[in-house]
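1. Pasting the sequence and the predicted model now:
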Amino acid sequence: MTTSPPDPTSPLAATAPLGCPVAHAPAGGPRPVYGPEAEAEPYAFYEQLRAEHGAVAPVLLYGGVPAWLVLGHREALEVMRSPLYSSDSRNWHAFRQGTLPADSPLLPITAWQPLVALTEGAEHARLREAVTESLARVNPHRVRRYITRYATRLIDAFAPTGQADLVADFSRKLPALVVCQLLGIREEDALTAGAAVADMISGSASAAQSNQLIVEMMSELVESRKRRPGDDLASWLLVHPSELSDEEVREHLRLALVAALEPTTNLIASALRMLLTDERFRGNLSGGQMTLPDALEQVLWDHPPLAVVPTRWAKADTYLGGAQIMAGDMVMLGLAAGNVDPAIRPDLMMPMYGNRSHLAFGAGAHECPGQALGRAVADAGIDLLLERIPDIRLAVDGNEVQVVGTWMSRRLTSLPVTFAPQRGAQKPAAVQSHAEPLPQPEAVPARQERRRGWLRSR
């Protein structure tokens with residue numbers, strides 16, 4: 001049921017992202033993917049599983065629920081692309097047999113709903129078309145304007161103080177404010193929605209209540225846009241030719257919110273942490289050997305915003321990576337583990353600039369349709385922050401930065417920084433009101449020139 005362990009002389013045994021040591025223990029039964037062992041040192045945990053079981057390992061979820069965790073890059077792509085694995089959770093024997101308790105923290109993520117992420121075949125194609133075509137209507141100039149407006153507002157709030165927590169004051173707030181604008185959610189509700197999503201993803205005791213809050217917010221949004229359509233994703237989904245029901249629109253808005261906020265928050269925070277703590281990163285960025293988008297790709301390789309995606313189920317008995325998978329088994333995609341698979345990255349110190357073959361956004365029919373939006377918020381937001389505050393530096397030792405792991409993601413709890421206090425607001429010329437005309441394409445090179453100037457100054 002297991003494959004041969006990887007070569008113990010692999011460079012992976014000596015180095016891992018975030019400096020996690022590789023633990024060694026005798027092979028045993030399924031290990032829980034939650035708790036101190038897995039959450040404190042996830043990369044050590046992945047390598048321990050890889051040494052014991054190979055590319056696919058048996059694990060336990062909350063309540064002792066069994067599942068498989070895919071650790072191999074090639075095996076993860078196989079699951080994402082093969083029709084043998086369904087995204088419909090009704091295939092899961094835990095649901096068919098009714099063994100999952102009503103208060104399980106797994107339910108907000110895995111319970112079947114009429115979602116593009118949990119359907120397949122013709123139904124998936126219909127829903128996917130509605131989502132992708134509605135997202136295609138988002139004007140990139142408007143997105144840039146929202147990012148500039150809210151990033152400037154957030155920076156203005158802490159710039160005069162000379163200190164900030166870049167997680168609480170920036171990374172967590174910026175995606176919520178931007179994405180909620182695009183969905184049609186009121187600005188005053190954006191940060192509340194963002195906090196609820198973070199709690200739901202964490203798998204806490206209040207995850208179900210936070211999920212219910214998001215459902216209620218989306219229901220109100222659907223009813224509001226039916227009465228008064230706007231220029232936003234909620235309105236576009238309601239009138240799309242695919243004829244989504246009110247429930248389908250509500251659930252896709254909920255999905256878009258969850259899928260956009262947590263990953264983008266983690267991407268921004270991880271990129272800022274790398275910039276402030278990793279001299280190789282700063283040297284390459286300031287020396288012009290890589291751009292900020294290149295740096296984000298490196299972060300997506302080393303610290304993907306979502307570490308595990310638990311939404312695949314085997315439709316028939318099969319073998320994967322030497323493991324025997326039975327029909328109805330949950331097969332979880334280990335995105336973080338697959339990205340450090342020694343079969344594709346024998347030397348983790350080698351840069352991955354410009355290489356987008358990581359697993360961060362998935363692959364196949366369920367590849368993330370909103371990945372360009374996440375990259376845009378992170379790229380433009382970080383660029384503006386560093387342009388406004390070029391002397392920003394970490395206020396604590398890099399080893400003191402607190403990281404909290406959950407069964408699905410690994411997030412920074414804080415990133416305290418200091419800098420020279422700024423007097424008064426210094427809003428860039430790019431900030432515009434809602435009523436002003438869209439930026440013209442000719443304005444883009446000027447922005448790019450400012451970025452190159454900042455890179456040289458670093």
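-> Cool, got the structure. Numbers count the residues shown, from 1 in each chain.
2. can you map out the strands along this structure?
-> Assigned by DSSP state E, the chain shows strands spanning 31-32, 56-61, 65-70, 85-86, 163-165, 308-309, 313-314, 318-320, 323-325, 331-334, 393-394, 403-405, 410-412, 416-418.
3. Mean neighbour count, the ones you listed: which tops it?
-> For these, the largest average neighbour count (mean count of other C-beta atoms under 10 Å) is found in strand 331-334, namely a mean of 26. From N, CA and C alone the C-beta is placed, and that goes for glycine too.
4. Show me what that strand packs onto, helices and strands only.
-> In terms of contacts (3 or more C-beta pairs under 8 Å, 6 or more residues apart in numbering; DSSP states H and E), strand 331-334 is packed against strand 65-70, helix 73-81, strand 308-309.
5. Please repeat the previous calculation with a cut-off of 6 Å.
-> strand 65-70, strand 308-309 (3 or more C-beta pairs under 6 Å, 6 or more residues apart in numbering; DSSP states H and E).
6. max-length helix in this protein?
-> The longest helix of the chain (DSSP state H) is helix 246-277.
7. lowest-confidence stretch among the helices and strands packed on strand 331-334?
-> When those are compared by mean pLDDT, strand 308-309 comes last with a mean of 92.
8. So which residues lie in contact with that strand, not counting its own?
-> If you take C-beta atoms under 6 Å, 6 or more residues apart in numbering as the criterion, strand 308-309 is touched by 332-334, 408.
9. how about the nearest residue to V138, chain neighbours excluded?
-> Nearest residue to V138, sequence neighbours excluded (C-beta to C-beta, 6 or more residues apart in numbering): L182, at 6.0 Å.
10. ok, the one you found - how many residues close by?
-> 21 (other C-beta atoms under 10 Å).
11. ok, now how distant is it from S409?
-> Distance, L182 to S409, by C-beta to C-beta, to the nearest Å: 22 Å.
12. swap in A102?
-> 24 Å.
13. So the two - more neighbours on which side?
-> Neighbour tally, A102 and S409, criterion other C-beta under 10 Å: the higher count belongs to S409, 24 against 6.
14. circling back: please identify the buried residues of the longest helix of the chain?
-> 248-277 (16 or more other C-beta atoms under 10 Å).
15. helices and strands around that helix, which ones?
-> Applying 3+ C-beta pairs under 6 Å, 6+ apart, one finds that helix 246-277 contacts helix 173-183, helix 187-202, helix 207-227, helix 233-239, helix 292-302, helix 371-388.
16. relative orientation of it and helix 371-388 in degrees?
-> 40 degrees (axes from the mean of the first three to the mean of the last three C-alpha atoms, to 10 degrees).
17. any idea of the mean pLDDT in helix 246-277?
-> Per-region confidence: helix 246-277 scores 91 on mean pLDDT.
18. The residue nearest to V138 and A193: what is the separation?
-> 12 Å.
19. Likewise for V222?
-> Counting by C-beta to C-beta, the gap from V222 to A193 is 15 Å.
20. out of those two, which sits in the more crowded spot?
-> It is A193, of V222 and A193, that has more neighbours when counted by other C-beta under 10 Å, with 25 against 22.
21. who are the neighbours in contact with the more buried one?
-> By C-beta under 6 Å, 6+ apart, the residues touching A193 are C180.
22. Need the nearest residue in space to the most centrally placed residue in the chain, chain neighbours excluded.
-> The chain has P263 as the residue nearest its centroid, 2.0 Å off, counting by C-alpha atoms, centre = their mean. Spatial nearest neighbour of P263, chain neighbours left out: P305 (3.4 Å); criterion: C-beta to C-beta, 6+ apart.
23. quick one: pLDDT of the one you found?
-> 85.
24. go on, G334?
-> Model confidence at G334, given as pLDDT, is 96.
25. again with the one 3 residues further on
-> pLDDT, A337: 96.
26. same thing with the one 10 residues further on?
-> The pLDDT attached to D347 in the predicted structure is 89.
27. count of residues packed around it?
-> Close neighbours of D347, defined as other C-beta under 10 Å, add up to 10.
28. what bits of the stretch 1-150 of the chain have low per-residue confidence?
-> Confidence mapping of the stretch 1-150 of the chain against pLDDT under 70 gives the ranges 1-28.
29. which residues of it fall in helices?
-> In the stretch 1-150 of the chain, helices defined by DSSP state H, counting those that start in this stretch lie at 36-40, 42-53, 73-81, 93-96, 107-110, 121-135, 140-158, listed in chain order.
30. mind saving the C-alpha coords of the third one as PDB?
-> Output for helix 73-81, consisting of C-alpha atoms alone and laid out as PDB, is shown next (Å, rounded to 0.1, in the frame of the first residue of the first chain):
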ATOM      1  CA  HIS A  73       3.500  17.000  -7.800                       C
ATOM      2  CA  ARG A  74       2.800  14.500 -10.600                       C
ATOM      3  CA  GLU A  75       0.100  12.700  -8.600                       C
ATOM      4  CA  ALA A  76      -1.600  15.900  -7.700                       C
ATOM      5  CA  LEU A  77      -1.900  16.800 -11.400                       C
ATOM      6  CA  GLU A  78      -3.200  13.400 -12.100                       C
ATOM      7  CA  VAL A  79      -6.000  13.800  -9.600                       C
ATOM      8  CA  MET A  80      -6.900  17.300 -10.900                       C
ATOM      9  CA  ARG A  81      -7.000  16.200 -14.500                       C
END
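31. what does it rub up against?
-> With C-beta under 6 Å, 6+ apart as the test, helix 73-81 has contacts from 55, 70, 85, 312, 320-321, 331, 333, 338, 341, 344, 359, 362-364.
32. which parts of that helix are buried?
-> Going by neighbour count (16+ other C-beta under 10 Å), the buried part of helix 73-81 is 73, 75-80.
33. Nearest to L296 among the residues you listed?
-> H73 (19.6 Å; C-beta to C-beta).
34. Please report how far that closest one lies from L191.
-> Per C-beta to C-beta, H73 is found 36 Å from L191.
35. What sits closest to I155 if chain neighbours are left out?
-> Going by C-beta to C-beta, 6+ apart, I155 has R388 as its nearest residue, at 5.2 Å.
36. now do I344
-> Once chain neighbours are set aside, the closest to I344 by C-beta to C-beta, 6+ apart is H73, at 4.8 Å.
37. re earlier: nearest to L373, of the buried residues of helix 73-81?
-> Of all the buried residues of helix 73-81, L373 sits closest to M80, with 20.6 Å by C-beta to C-beta.
38. E387 - how many residues pack around it?
-> 18.
39. go on, the one 4 residues further on?
-> The burial metric for D391, expressed as a neighbour count using other C-beta under 10 Å, is 10.
40. for D199, same thing?
-> As a burial measure, D199 scores 18 neighbours (other C-beta under 10 Å).
41. what does L348 give?
-> The number of residues near L348, taken as other C-beta under 10 Å, comes to 19.
42. for the one 5 residues further on, same thing?
-> Each residue near Y353 was counted by other C-beta under 10 Å, and the total is 15.
43. ok, it touching D294?
-> Yes - the pair Y353 and D294 passes the contact test of C-beta atoms under 6 Å, sitting 4.1 Å apart.
44. Now do the same contact list for the residue lying closest to P58 once chain neighbours are set aside.
-> The shortest distance from P58 to any residue other than its chain neighbours is 4.0 Å, reached at P30 (C-beta to C-beta, 6+ apart). The neighbourhood of P30, defined by C-beta under 6 Å, 6+ apart, consists of 58-60.
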